[in-house]
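Enquirer: sequence first, predicted coordinates after that:
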Amino acid sequence: MTILKYSASVIALAAAATAADARDQLQIAGSSTVLPYATIVAEAFGENFDFPTPVVEGGGSGAGRKKLCEGVGDNTIDIANSSSRIKQSDIDLCAQNGVTEIMEVRIGYDGIVFASDINGADFALTPADLYGAIAAEVVKDGQLVANTARTWADVNPSLPAQDILTFIPGTKHGTREVFDVKVLEAGCKATGAEEALVAAKGEEDGKKACLALRTDGTTVDIDGDYTETLSRLDANKNAVGVFGLSFYENNTDKLKVATMDGVVPSVETISSGDYPVSRPLFFYVKKQHIGVIPGLKEYVQFFLSDEMAGPDGALADYGLVPDPELAATQAMVDAETIMKPLN
Amino acid sequence: MSGKSLFAKDARTAARNRAEGRFRAYGFSAIVLALLALVWLLISILGAGAPAFRQTFLTFPVTLDAKLLDKSGSGDPAALSKVTTTTYGKLIAKALEAEIAARGIEAGEVKAKEFAKMLSEESSATLRTMVLADPTLIGQTITFRALASGRIDGYYKGRVTMESAALDKNVSPAQLVLADRLKDEGVLTIAFNPGFLTMPDASDKRPEAAGLGIAIVGSFLMMAVVLVLSLPIGVAASVYLEEFAPKNRWTDLIEVNIANLAAVPSIVYGILGLAIFINFAGLPQSAPIVGGLVLTLMTLPRIIIPTRAALKAVPPSIRDAALGVGASKLQTVFHHVLPLAMPGILTGMIIGLAQALGETAPLLLIGMVAFVRDFPGGFFDPAAALPVQVYNWTTRGDPGFVERASGAIIVLLAFLILMNAVAIYLRRKFERRW
């Protein structure tokens, strides 16, 4: 079979030689959270400009950034969508492969909401409640004990007396990072568990222990998309799931959203900062491709234009929380300013 | 003589008969179970997917106002293409408003601004494309058939109800009432939707406009690559191994490895394809050529095995007779053995292709899962593939895509059934038994 493989790669090489002409459509990959926004923009871009419609792929934030950093040239992507900020390791990898000029573009914010079945009970959550419900160790009567809460009412008497079952994003999702920081860490601090854990295990291990979850089946990691979380909720009507705001806004007839610290998540409450669980969304542009791949700068400018990313734009309509500093980002893109080193 | 009749069963015979009866019952229930599963699968897919072939349309006159679309009045294509879909969207919204007023339809609580929300956002792009293709339309009033929005369409397919609309931020019950009135007036119609088979994929905001066009073209291009490469390579390899190669340890080793390769999980070929064709050979991502090459690697062993079986099935007497009348080895193979083995080879080939057509996993790794809106002009342009499109649509947030995914499964199944039917026909028609 090795002969076969060799002949196949020979054919591939021959084919590559004939395909030497330059790519004329943009290639974008990365976060599946940014994907719907990117497809909406790509679609409108293809319709209204003389450039072909960009090809947009999912695959996850980390995978997208890695692809961006593979090098410069036709067969590498132009833009990486990302639901978390680029890491120093990505920048190092980029630099190693000659990708030295990256533009960081923040397109807006994404809210992370907790929702349950539309016919279920109302939930008014706080990070402390969530921490108390799903963390491995909690503080009880001043003592650090393993979490044995069975129902939400055990955690907080004002919550419904139904069994705790939560569907949270798996560790490969960018969403999980936000969940860890904005919910678990916040809850850990608020319940005083952080103090107790740090006292018991030391500074670093104690903070890490804040993120440890129960392993008795009360939390389930969902590695798939929000559609999977939705179908799991459908099967377990008592469960609470984690969704992106835009997904929730497109399924308001099936989901009931929980308030967080008494605030209902919406585009308005997230952009005002009242709703605590949100994160910025980015994409990273390979500046070295501007002027080489046709339409790259135009696409980025179109993405950030008021009719797309603005407060009344098409993306806000779909659930993107507009960035109040959009004008600054627009100016940054017009000037093609590359990103500063991470601090 | 024990005096017992042979017709009276003794205990052992009865037990053996019961054992046979039980075995038959097991076998029968296994078949029934399998059939029930198949029927359930087909009913659920057909039930969920059939609506994708029908779509809700709104038909009304639109006046293509020259003042808006061609400000300079020159009809210059470059100037015309400066007018964006936003302008066309406003034009359509106004036209629908005028139509509702002209027909005297009671709009109820729906504000004039919300009329256009009942239409797909795709409609403005459709109209723009129409005008750019034929600028003489400017200034005329044309009858325009616009797609209804996904929620209005879902109302007529049972996905959206008055109760769910009350909770849904994308549609209101009043809009559904208005939709019913428009239906009574004949403005809103539900018709067969050829666009599902011809239009490209659409973004999350317009599930009603998403089609399989690019996926079908992409799958077709990949199958062409697989056919062109794997038929000659597979047949040549089989003929050599079966007719010419000496039987020794090396050929045994190769034989075992072909069988092994046929059993390798397809995702492995995806990883191999990513490494060889994209990272090493530098072929473009998401291109049917790469998909075709990967699927060729995967299909080859699955073609070589039935091809060798077909060659083996040709009786040695044929070869002996040919050699006996003085044919060379080559002539024997090409004039006699191969033609007789052809039906079996073709059947194996078609079944191999059908497997490749339904393969998803390796394509995910080489970027065939991308969102592509422009039809590929050749093997090197980005495209989608049918099974990957199914996967892609099941991950979308809008509930309208569930029906699209099931519809795509129906199309895929139709292709597979067609290919298998051709294979069966060829086998029945040309197969010879000795």
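Expert: That came through, no problem.

Enquirer: drop to CA atoms for contacts and neighbour counts, all remaining ones
Expert: Will do.

Enquirer: buried ones in stretch A:269-280?
Expert: For stretch A:269-280, burial by neighbour count (16 or more other C-alpha atoms under 10 Å in any protein chain shown) applies to A:270-271, A:274-280.

Enquirer: tell me the domain ranges of the chain?
Expert: Picked chain A for this. Chain A breaks down by automatic domain parsing into domains covering A:2-110+A:280-334, A:111-278.

Enquirer: wait, chain B was what I had in mind.
Expert: Taken from automatic domain parsing, chain B resolves into B:53-193, B:213-430.

Enquirer: what's the helix or strand for the closest residue to chain B within the stretch 51-200 of chain A?
Expert: Per C-alpha to the nearest C-alpha, A:E57 is where the stretch 51-200 of chain A lies closest to chain B, at 4.1 Å. Using DSSP states H and E, A:E57 sits within strand A:55-59.

Enquirer: same check on B:P61?
Expert: Counting by DSSP H and E, B:P61 is part of strand B:54-63.

Enquirer: quick one: strands adjacent to that strand?
Expert: strand B:141-147 (antiparallel), strand B:188-192 (antiparallel) (DSSP bridges).

Enquirer: can you point out the buried residues in the last one?
Expert: Read it as strand B:188-192. So, applying 16+ other C-alpha under 10 Å, buried residues of strand B:188-192: B:188-190.

Enquirer: distance from the chain centre to that strand, please.
Expert: The chain centroid and the centroid of strand B:188-192 are separated by 24 Å under C-alpha atoms, centre = their mean, to the nearest Å.

Enquirer: by contact count, what packs against the helix or strand following that strand?
Expert: Using DSSP H and E, the next helix or strand after strand B:188-192 towards the C-terminus is helix B:195-198. Applying 3 or more C-alpha pairs under 8 Å, 6 or more residues apart in numbering or on different chains; DSSP states H and E, we find helix B:195-198 packed against helix B:213-239.

Enquirer: strands of the stretch 201-343 of chain A, start to end?
Expert: For the stretch 201-343 of chain A, the strands defined by DSSP state E, counting those that start in this stretch cover A:219-222, A:240-244, A:255-257, A:259-260, A:278-286.

Enquirer: now the ones you listed as TSV including mean pLDDT?
Expert: Output for the strands of the stretch 201-343 of chain A, formatted as TSV (pLDDT from 0 to 100):
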stretch	mean pLDDT
strand A:219-222	90
strand A:240-244	92
strand A:255-257	92
strand A:259-260	92
strand A:278-286	92
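
Enquirer: same list (these) but as a markdown table, adding distance to B:S266.
Expert: Formatted as a markdown table, these follow (distance: least, C-alpha to C-alpha, whole Å):
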| stretch | distance to B:S266 |
| --- | --- |
| strand A:219-222 | 25 |
| strand A:240-244 | 32 |
| strand A:255-257 | 37 |
| strand A:259-260 | 45 |
| strand A:278-286 | 32 |
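
Enquirer: returning to that earlier point: now the strand holding B:P61 - C-alpha only, PDB.
Expert: Extracted C-alpha coordinates of strand B:54-63, given in PDB (Å, rounded to 0.1, in the frame of the first residue of the first chain):
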ATOM      1  CA  ARG B  54     -42.100  22.800   0.400                       C
ATOM      2  CA  GLN B  55     -41.700  26.400   1.300                       C
ATOM      3  CA  THR B  56     -43.900  29.400   2.000                       C
ATOM      4  CA  PHE B  57     -43.700  32.200  -0.500                       C
ATOM      5  CA  LEU B  58     -45.300  35.600  -0.800                       C
ATOM      6  CA  THR B  59     -46.000  36.900  -4.200                       C
ATOM      7  CA  PHE B  60     -46.700  40.600  -4.800                       C
ATOM      8  CA  PRO B  61     -45.800  43.300  -7.400                       C
ATOM      9  CA  VAL B  62     -42.600  45.300  -6.800                       C
ATOM     10  CA  THR B  63     -42.000  48.500  -8.600                       C
END
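
Enquirer: tell me the helix or strand right after that strand.
Expert: helix B:66-69.

Enquirer: and the following helix or strand past that following helix, which residues are buried?
Expert: Tracing the chain C-terminally past helix B:66-69 and defining elements by DSSP H and E, one meets helix B:77-80 next. The neighbour-count criterion (16+ other C-alpha under 10 Å) identifies B:L80 as the buried residues of helix B:77-80.

Enquirer: show me how far helix B:77-80 is from its chain's centre.
Expert: 37 Å.

Enquirer: next: stretch B:420-434.
Expert: Per C-alpha atoms, centre = their mean, the centroid offset for stretch B:420-434 relative to its chain is 25 Å.

Enquirer: average pLDDT for that stretch?
Expert: The average of the pLDDT scores along stretch B:420-434 is 84.

Enquirer: and for stretch B:90-103?
Expert: The average pLDDT for stretch B:90-103 rounds to 90.

Enquirer: so what does whichever helix or strand B:L363 is part of touch, helix or strand wise?
Expert: Assigning secondary structure by DSSP H and E places B:L363 in helix B:361-365. Counting contacts by 3+ C-alpha pairs under 8 Å, 6+ apart, helix B:361-365 packs against helix B:266-273, helix B:288-313.

Enquirer: between those helices, which gets nearest to chain A?
Expert: Nearest of those (C-alpha to the nearest C-alpha): helix B:288-313, 7.5 Å.

Enquirer: could you check the angle helix B:213-239 makes with the closest one?
Expert: 40 degrees (axes from the mean of the first three to the mean of the last three C-alpha atoms, to 10 degrees).

Enquirer: ok now helix B:288-313, how far from the chain's centre?
Expert: On C-alpha atoms, centre = their mean, the centre of helix B:288-313 falls 21 Å from the chain's centre.

Enquirer: and it, which residues are buried?
Expert: So for helix B:288-313, counting by 16+ other C-alpha under 10 Å, buried means B:288-311, B:313.

Enquirer: now do the contacts for the residue lying closest to B:F430 once chain neighbours are set aside.
Expert: Excluding the flanking residues, the one nearest B:F430 by C-alpha to C-alpha, 6 or more residues apart in numbering or on different chains is B:P343, at 5.9 Å. Applying C-alpha atoms under 8 Å, 6 or more residues apart in numbering or on different chains to B:P343 gives the contacts B:426-427, B:430-431.

Enquirer: what's the answer for B:P246, then?
Expert: Contacts of B:P246 (C-alpha under 8 Å, 6+ apart): none.

Enquirer: secondary structure element holding it?
Expert: Judged by DSSP H and E, B:P246 forms part of no helix or strand.

Enquirer: any idea how far B:A79 is from the residue nearest to the spatial centre of chain A?
Expert: Most central residue of chain A, judged by C-alpha distance to the mean C-alpha position with C-alpha atoms, centre = their mean, is A:S83 at 3.7 Å. Computed as C-alpha to C-alpha, to the nearest Å, the A:S83 to B:A79 distance reads 38 Å.
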